[in-house]
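Trainee: Need a 3D model of the following:
(chains A, B and C)
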Amino acid sequence: MFLLEVKHLDVGFKTKLGTVEAVNDVSFHIDKGEIFGFIGESGSGKSVIGMSLLRLLPRNALVKGSAIFEGTDLLAAGEEEMQRLRGKEIAFIPQNPSDSLNPLMKNGQQISEVFEAKGHGRKEAKDLALKVMKRLLIRDPRLSADRYPHQLSGGMKQRLLTGISLSLQPRLVIADEPTKGLDSITRRSSIEFYQGLEGKKDRSMLLITHDLDLAYEICDRLAVLYAGEIVEMGPAKKLLDDPLHPYTQGLINSLPKNGLVPLEGSSPSLLDLPRGCFFSERCRSCISDCIKSHPKLAQNGGWMKRCILP
Amino acid sequence: MSLMLRYLAKRLAFMGLTVLAVCALTFFLMNIIPGGTAELILKHTILEMEEIPTDEQIAEISSRYNLHDPLYIQFGRWLSSALEGDLGSSYIQKKPVSYLLLLRMPATIMLASAAMSIAIIFGIPLGIYCAMRKNRLTDYILRIVTLLGVSMPGFWLALLLILVLSVNLKLFPVAGYGEARYLVLPAVALSAHALAVTVRMMRTGMLEVMSQPYITYAISKGLSSQNVILRHALRNALLPAITVLGMSFGHMLGGAVVIESIFAWPGVGSLLVDAISARDIPLVQGCVLAIVGVFVTINLLVDLTYTYLDPRIRYT
Amino acid sequence: MIMKFVDMFFSAKRASPISSGQVKWSSYQRIFSNRMVSICLIMLAVIAVIALFAPQIAPYNPNDIDLKSSLQPPSSSHLLGTDHLGRDVLSRLLYGAATSFTISTSVVLLALFMGIALGGAAGYMGGLADEVISRVIDLFLSFPSMIFALAIVGALGSSVFNLILALALVHWASYARLMRGQVLSVKSNDYVSSARVIGASDRRILVKHILPNALAPVIVLAALDMGHVILSAAALSFLGLGIPPSIPEWGSMLNAGKEFMRTAPYLTIFPGMAITMTVVLFSLLGDGFQEVLDPESEVSGLVSS
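Mentor: Alright, predicted model coming up:
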């Protein structure tokens, strides 16, 4: 039994200009104790997947498919059920730490209210919150708890956010671009921080990122997302060391350490996706069949790729 | 903390400068026509209708009130006695200006407070309600009503209220000052604009707050909706509301002048209008000083409150 | 209760990654494709034309006193009735439209001119000039507007010129502050520096880049202000302090009509409706402008959703 099994997740946003197909027929599963990653460019739909699982998307989002978490379909459950699951069973670490903290609320309170919401008394919640802050290695935890978010540095805010989300010890943590916008030193310590969290057998993580180094270091399995679709999925390190899909190869090659070879062109408009392979316009190895029909995800042992070429 | 004190001192100085500037401007404007003042005084006091003042009368009045001195000296004289609490005597009513002001100030404060209370007590919940029912029928109706409330002249609403509720339905008195029922129509008429602004402002404010990432995050933490609304949404939407309410109050003081005149409400506003018509310079000075003083003080209080409540400013 | 709140959350418009921020002269063309703006402009244009041709259209001379037919309710000969002096209400309304439009246009233009000049100068020049002008702007902004206008008009006397002057003095500061802020933010904006790098001259930068952006919220403010000025002018006239009594004005019509509310309520209803309708149109116009030119504005819209 998987902890989370997502089948045929499809998310479209109704806008004035048409329907934006952000996520197209995505299926994956996460095991207990596993760290699963989604990598891809900005706008590839990664964040949308994370938010759709917790039903945090705005009303103009049309969500289809199923996401079974320990017997409950997250996409079909009622709002009260979702409220019960959020925070306690499934937690979310959002992208932008500065925007995600309430500027008018003290730091400590933003932690303690989570405990209070799940039944603890006010005093108890405060003490627990303080413990969380100590664990986060934030300097002067008591003082920081009494301060406000704008008084923390970017890295501390990210850690605070992580701490809040993990405080109830959820079974599944969805981390949305946790290293985005951080300078390299802070990134490093963030990565180490996450590595410290890894390996807890009863905790799984869905990591959404475009930071390939981060994905390499901590993910067990990876899925590569392009134009809302999974184009490759498999064991993390092997996939990044030796990618099979042309897009993934392009991604790897574009890294500074590999020569900064850019991927030509840009991703297709989500309003008007091509009939054939979404990557065909930019693919070096594109042949006529690639444009004619849409390739399916082909299994190959524990590996999957969406490309007709070998 | 000393930063706050320095800020306070700067604001107080600016306040003083503002009041001074307005008073000076008013004084100089009122006195643009030197001879005319003496004639007007005579017209309102001694002379019968149609009687033309003699030169002797004009000379007498001019020397009695020192109307021939250079303007800046006259103003200086006014200023120095004002600082001691003496605002001179009304030309027309022959009573000390400060006495008249103190007599009528409570009425204006009562009216303004009542109107502001209506705007706040009804405006804020209605605005939040509108946000909750965004784009539904109630929202559209309220948006049209508030559009009218903001575009309608306050005095017209006052007249309409009098027409319907006083003249036709005889529910409230047409004008005057006395028990509570005399306060109702003026307060409602005065509150209309501020009420409309408040509803719109809260609606926009709530919607803006709801689209913020920290609300999404708060929900993802598993907090109850009640918690999110009260602790996160409302608190954050009310903070900028304070500033807007402060600005509304300034607008309201202006409106009070007209409303007081319509309802014969014995406040400083109607006193000012009468004084201007009669060119009763000391009285005009006094009224302007009083109103601007109240206005500037309230603004300062609003500013300080906001500074205190917003942690981003308080703890920089 | 929960469901309503949940509703609010899900229907809130989240920040879109696509944010333009840049206004070019071409954006101004989009104004006319906005439905609300078009409707308002057309209706306002109709009113303006009526006002312009009031002398031709009005059935009677607005100042014709005819005591024999005073206080007559609306009838076939006097479509909107007559006032206490027998003057035709409809004609007075039409001429009043001319008065209101003349006054508000003059005031807004004057205030715009003063505000753009002083505010733009302050922003562009910076330094001591900026400090001084900013203090003056703050000073003017901290006066309660009605009281100030009242004092000026009351002091200088009732005439159209004094009214326009007084209201312009009250209103210019908002434009100045807005303009200054715009110039400052645009000055430090990236695309200005990049234009400089390419070698564009200062004047070209000003006209092509700074102006279209800086003017956008100013235009929004001007539209909204037209309505405010009409209200202020009406209020002052209502108190008998704005317009000399010989000139028909909606506010003074209300002042005259209030004595006869029992017998001739229509004298109070029609001018008030005229004022309200015109102000509503300007408010909607301003909001329409804001939608097109300046969606993330700080100018407090009256109608903004």
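
Trainee: Low-confidence regions, chain B specifically.
Mentor: B:1, B:32-38, B:40-41, B:43-51, B:53, B:316 (pLDDT under 70).

Trainee: same check, this time on the stretch 51-200 of chain C
Mentor: Applying pLDDT under 70 to the stretch 51-200 of chain C flags residues C:189-200.

Trainee: Show me where it has its strands.
Mentor: Taking DSSP state E, counting those that start in this stretch as the criterion, the stretch 51-200 of chain C contains no strands.

Trainee: who in it is up against chain B?
Mentor: When proximity is defined as CB under 8 Å from any CB of the partner chain, the stretch 51-200 of chain C approaches chain B at C:138-139, C:142-148, C:150-152, C:154-156. Backbone N, C-alpha and C define where each C-beta goes, glycine included.

Trainee: top of these by neighbour count?
Mentor: Neighbour counts for these peak at residue C:150, which has 31 neighbours (criterion: other CB atoms under 10 Å in any protein chain shown).

Trainee: How is the chain divided into domains?
Mentor: In the absence of a named chain, chain A is used. A:4-89+A:171-260, A:98-169 (automatic domain parsing).

Trainee: nope, chain B please
Mentor: According to automatic domain parsing, the ranges for chain B are B:2-83, B:105-309.

Trainee: Just put those in TSV and tack on distance to residue A:128 and mean neighbour count.
Mentor: Formatted as TSV, the domains of chain B follow (distance: least, CB to CB, whole Å; neighbours: other CB atoms under 10 Å in any protein chain shown):
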stretch	distance to residue A:128	mean neighbour count
domain B:2-83	34	14
domain B:105-309	14	20
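
Trainee: do you know which of the ones you listed lies nearest residue A:190?
Mentor: domain B:105-309 (18.0 Å; CB to CB).

Trainee: Run the chain-centre distance for that closest one.
Mentor: Centroid separation for domain B:105-309 versus its chain: 10 Å, with CA atoms, centre = their mean, to the nearest Å.

Trainee: give me the element the residue nearest the centre of chain C is part of.
Mentor: By CA atoms, centre = their mean, chain C has its centre lying nearest to residue C:226, at 1.3 Å. Counting by DSSP states H and E, the element that carries residue C:226 is helix C:211-238.

Trainee: Now do the contacts for residue B:170.
Mentor: Contact analysis of residue B:170 by CB atoms under 8 Å, 6 or more residues apart in numbering or on different chains lists nothing.

Trainee: So it: helix, strand or coil?
Mentor: coil (DSSP: H, G, I helix; E, B strand; the rest coil).

Trainee: what's the closest non-adjacent residue to the spatially most central residue of chain A?
Mentor: Geometric centre of chain A, nearest residue: residue A:208, 2.5 Å, by CA atoms, centre = their mean. Distances taken as CB to CB, 6 or more residues apart in numbering or on different chains put residue A:46 closest to residue A:208, at 4.4 Å, once the chain neighbours are dropped.

Trainee: Quick check: the one you found touching residue A:206?
Mentor: No - between residue A:46 and residue A:206 there is no contact under CB atoms under 8 Å: 9.9 Å.

Trainee: hey, what's in contact with both of these two?
Mentor: Residues within reach of residue A:46 and of residue A:206 at once, by CB under 8 Å, 6+ apart, are residue A:38.

Trainee: what's the neighbour count on residue 65?
Mentor: By default, I'm working from chain A. 18.

Trainee: looking at chain C here, not the other one
Mentor: Neighbours of residue C:65 (other CB under 10 Å): 11.

Trainee: Hmm, it is touching residue C:85, no?
Mentor: Yes - with contacts counted by CB under 8 Å, residue C:65 reaches residue C:85, the gap being 4.7 Å.

Trainee: can you tell me the helix or strand for residue A:42?
Mentor: Using DSSP H and E, no helix or strand contains residue A:42.

Trainee: Does it touch residue A:210 like I think?
Mentor: Yes - between residue A:42 and residue A:210 there is a contact under CB under 8 Å: 6.6 Å.

Trainee: Extract the C-alpha set from stretch A:94-108 and format it as CSV.
Mentor: Output of stretch A:94-108 as CSV, limited to C-alpha atoms (Å, rounded to 0.1, in the frame of the first residue of the first chain):
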residue,chain,number,x,y,z
PRO,A,94,5.3,27.0,0.6
GLN,A,95,7.6,28.8,-1.9
ASN,A,96,8.0,32.3,-0.7
PRO,A,97,8.8,32.5,2.9
SER,A,98,8.4,36.3,3.1
ASP,A,99,4.9,36.2,1.7
SER,A,100,3.7,33.2,3.5
LEU,A,101,4.1,34.5,7.0
ASN,A,102,1.6,36.9,8.4
PRO,A,103,3.4,40.1,8.9
LEU,A,104,1.2,41.2,11.8
MET,A,105,1.6,38.1,13.9
LYS,A,106,4.5,37.1,16.2
ASN,A,107,6.7,34.3,15.0
GLY,A,108,6.0,32.1,18.0
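
Trainee: re the thing from before, let's verify the residue nearest to the centre of chain A: helix, strand, or coil?
Mentor: The assignment at residue A:208 comes out as strand when based on three-state DSSP.

Trainee: if I pick it, what's in contact with it?
Mentor: Applying CB under 8 Å, 6+ apart to residue A:208 gives the contacts A:37, A:38, A:46, A:47, A:49, A:50, A:174, A:175, A:176, A:177.

Trainee: and the fourth one, how many residues sit next to it?
Mentor: Counted with other CB under 10 Å, the neighbours of residue A:47 add up to 18.

Trainee: now swap in the first one and tell me
Mentor: Other residues within reach of residue A:37 by the criterion other CB under 10 Å amount to 26.
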